[in-house]
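In: I'll drop the sequence and a predicted model, then ask my questions.
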Amino acid sequence: MLTPLSWLKEYIDIKLPPKELGERLTEVGLGTEKITKEKDDVIFDLEITPNRPDLLSIIGVAREVAAIEGKKIIYPKNKIDITKVKPKKVLPLKIETDFKINQRFTGIIIDGIKVKESPTWLKEKLIKIGQRPINNIVDITNYVMFEFGNPLHAFDYDKIEGKIMTVHQSKDGEVFKSVDGLNYHLPKGAVVISDSKKIIDLCGIKGGFNSGTFEETKTIFIRVPVEDPVLIRRTSQALGLRSEASSIFERGVNRGGTIDALNRCVNLILEFSGGEIASEVYDLKKEEFLPWKLSLRIERLNKILGIEIPQKEVLGILENLNLSPKLIKNNIETTVPTYRNDLKIEEDLIEEVARIYGYNKFPKTMPQSGIPSMIIPYFKDYSLENKAKEIFKASGFSEIYTYSLTSEKDLKDFGFNEGHCLRVDNPISREFEYLRPTLKINLIKAIVENKSNFNKISLFELGKVYLGKNLDEKEEPYYLSGITTGKNYAQVKGIIERLFWEFGIKEDPSDSIGVIEEGIIFELNFSKLLEKANFEKIYKPLPKYPPVIEDLAIIASEKVKTGDLISEIKKQPLVSEVSLLDQFEETRTFHIVYLDKEKNLTNEEVVKIREKILSNLSEKFHAKIKE
């Protein structure tokens with residue numbers, strides 16, 4: 001939110017220097033991303049949190065400054081009050097709305113206006129906040145939106161066919177031409193306004209080309225609505241179309257501020273465009289949108305904050321926030337203005353007191369309670385995930401992160417039935433329509449995209465996959481998958497065996513946990529792997545007596561598995577360790593460690609063990625020692 005200091009000063013006498021003001025605004029929750037000097041002005045670039053749509057306006061920011069400095073806002077003065085004006089002539093207009101999708105519809109007709117270039121002061125203000133001046137009517141509606149925080153839109157009254165405006169939801173695929181000349185195919189359920197023949201407005205997002213205000217416009221209808229946040233956001237996302245108005249509506253507009261915004265807009269239009277009011281004020285609503293009461297217990301305030309703020313200071317803070325506090329015994333009764341949609345419960349008031357008081361004033365203390373001994377329900381331990389990742393990184397693999405969503409085409413290309421996969425109801429595009437049932441698709445695509453830049457690539461990913469064809473049957477296990485063009489089957493199998501050894505798993509990886517495919521691609525069900533993991537360690541003291549170590553070169557058919565030879569050698573009671581040292585054609589060299597925990601081994605004893613090993617290998621595998 002770009003906020004010029006000169007504009008703020010129209011509503012409040014600011015004494016703080018710009019830098020200090022920016023720091024103070026950040027302290028109370030308005031993140032000051034940047035402060036820029038521009039000629040004779042200073043522009044604050046403020047980061048507004050989603051719960052504070054009232055701060056998407058200059059007056060909203062001015063209210064925060066007023067609360068910080070303990071001052072009052074000077075609101076703009078109007079020459080006329082539109083609610084008290086009796087028009088000389090009344091132009092006809094019928095309005096039909098649905099309060100479920102449009103809670104409030106406020107508007108008025110102005111006749112005899114002249115569309116022209118805006119005055120210099122108005123254009124300069126809009127340019128400072130990043131807006132492009134268009135004409136006096138459009139510029140005034142934009143100016144008032146940024147001033148008050150209630151979006152407005154002006155329709156060319158003469159282009160409204162049948163002099164009727166109906167608020168309704170669109171059918172799927174209807175074409176809408178926006179005021180900037182672009183065509184959009186509307187999704188089902190978008191809130192629109194139609195006259196007797198056509199759609200003339202995409203509510204809360206963009207005005208229609210067929211009802212916009214241009215040089216020939218003489219009569220306008222100004223509308224200040226309260227739109228449904230969910231419907232506006234849904235349509236905005238479906239079309240990939242955002243505007244300043246939609247950003248405000250998505251967060252929740254000031255439902256009690258439509259008359260004030262309309263009054264300000266009409267006064268400016270009459271002053272800079274001429275004309276006269278040609279209708280009563282339209283204000284269609286199912287209920288009154290009035291301020292609400294909210295109580296704050298002093299005892300509760302002190303308990304939550306952990307400090308005791310003087311009662312007089314608490315009342316002063318709430319008064320500066322325009323909450324009209326009244327002390328009744330030990331409770332403070334407040335009246336919340338309609339622009340503060342975020343204040344709903346007692347804790348919200350406590351937060352307001354704390355942030356304006358200043359978190360930096362809170363004393364630094366050590367926690368009084370003991371160290372927590374129970375794991376919180378939503379705690380997730382990432383240490384085992386990191387342990388697995390480090391094993392693969394140390395083995396030459398690079399970790400990647402890919403999207404959890406995939407396309408119908410990708411599923412079909414990789415042999416998946418999309419009917420058995422979970423689909424998103426409102427996908428942002430066809431490329432991100434289904435939840436991934438495997439990590440392999442994105443791994444293969446990553447190899448294809450990068451193979452021209454690297455001779456050898458080894459990639460892995462650890463993340464969720466989504467199994468099942470509906471929400472009742474869904475599963476969300478974690479998988480560890482990888483792909484490599486630089487390692488062979490034995491190397492990959494060795495890395496996975498190392499992973500299993502580190503996690504204390506003795507069974508074969510293919511036993512319900514994982515599979516290695518040609519290519520080479522592997523997939524491990526990491527969730528099942530964690531279920532089978534065993535991290536209990538058994539302490540074994542170092543041997544008192546030294547081992548005897550030798551290497552034996554054994555000739556055996558290539559059909560005989562190395563693992564079978566090692567298992568046979570290990571059957572001898574004093575053989576402590578056996579590993580494959582080298583292999584060439586039919587010759588395999590084994591590194592053998594002999595160890596007796598009770599005494600030193602003699603050469604004679606080792607010779608007898610070796611003879612027994614060779615005898616068993618010859619008998620079982622027709623193997624012999626290489627001379």
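Out: Received it, and whenever you're ready, just let me know what you need. Computed from a prediction, not measured in an experiment: that's the story for all the values here.

In: all strands for the stretch 451-600 of the chain, in order.
Out: 458-464, 478-484, 514-517, 521-525, 548-555, 575-584, 587-594 (DSSP state E, counting those that start in this stretch).

In: which of these sits most buried?
Out: Of all those, strand 478-484 has the most neighbours on average by mean count of other C-beta atoms under 10 Å, namely a mean of 24. Heads up, the C-betas are built off the backbone N, CA and C, glycines and all.

In: Other residues contacting that one?
Out: Outside strand 478-484, the residues within contact range by C-beta atoms under 8 Å, 6 or more residues apart in numbering are 385, 388, 392, 397, 438-440, 443-444, 446-447, 456-465, 492, 514, 519-527, 529-530.

In: rerun at 7 Å
Out: 388, 392, 397, 439-440, 443-444, 447, 457-465, 492, 519-527 (C-beta atoms under 7 Å, 6 or more residues apart in numbering).

In: ok, that strand: who's next to it in the sheet?
Out: Strand pairing for strand 478-484, using DSSP bridges, gives strand 458-464 (antiparallel), strand 521-525 (antiparallel).

In: can you redo those as CSV with distance to Ser196 and mean pLDDT?
Out: Formatted as CSV, those follow (distance: least, C-beta to C-beta, whole Å; pLDDT from 0 to 100):
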stretch, distance to Ser196, mean pLDDT
strand 458-464, 52, 95
strand 521-525, 60, 93
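
In: so which of those gets nearest Ile555?
Out: strand 521-525 (32.9 Å; C-beta to C-beta).

In: got a list of what the residue lying closest to Tyr75 once chain neighbours are set aside touches?
Out: Counting by C-beta to C-beta, 6 or more residues apart in numbering, Tyr11 is the residue found nearest to Tyr75 once chain neighbours are left out, at 6.9 Å. Neighbouring residues of Tyr11 by C-beta under 7 Å, 6+ apart: Ile59, Ala62, Ile73, Ile74, Tyr75.

In: Would you verify that Tyr11 is located in a helix?
Out: No - counting by DSSP: H, G, I helix; E, B strand; the rest coil, Tyr11 is not part of a helix but coil.

In: I'd like the distance between it and Ser429.
Out: 43 Å (C-beta to C-beta, to the nearest Å).

In: what about Lys570, how many neighbours?
Out: Neighbourhood size, Lys570 [other C-beta atoms under 10 Å]: 14.

In: what does the one 4 residues further on give?
Out: By other C-beta under 10 Å, 16 other residues sit near Leu574.

In: Can you list the strands that the worst-scoring helix or strand of the chain on mean pLDDT pairs with?
Out: Sorting the helices and strands of the chain by mean pLDDT, DSSP states H and E puts strand 514-517 at the bottom, at a mean of 76. Using DSSP bridges, the strands paired with strand 514-517 are strand 521-525 (antiparallel).

In: In this structure, where's the longest helix?
Out: Using DSSP state H, we find that the single longest helix of the chain is helix 603-621.

In: Please enumerate residues in contact with the helix or strand following that helix?
Out: Note on helix 603-621: by DSSP states H and E, the next helix or strand toward the C-terminus is strand 624-625. Contacting residues not belonging to strand 624-625 are listed as Leu552, Ala553, Ile554, Ile555, Leu614, Ser618 [C-beta under 7 Å, 6+ apart].

In: mind showing which ranges of the stretch 1-150 of the chain have poor pLDDT?
Out: For the stretch 1-150 of the chain, not a single residue meets the criterion pLDDT under 70.

In: how about the helices of it, start to end?
Out: For the stretch 1-150 of the chain, applying DSSP state H, counting those that start in this stretch gives helices covering 5-8, 18-27, 58-69, 120-128, 136-148.

In: cool, the stretch 301-450 of the chain as well?
Out: Using DSSP H, counting those that start in this stretch, helices in the stretch 301-450 of the chain cover 311-320, 346-357, 383-394, 408-413, 440-450.

In: Export those as TSV, with columns for mean pLDDT and mean neighbour count.
Out: TSV is the format used below for the helices of the stretch 301-450 of the chain (pLDDT from 0 to 100; neighbours: other C-beta atoms under 10 Å):
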stretch	mean pLDDT	mean neighbour count
helix 311-320	94	16
helix 346-357	95	18
helix 383-394	95	15
helix 408-413	92	15
helix 440-450	92	17
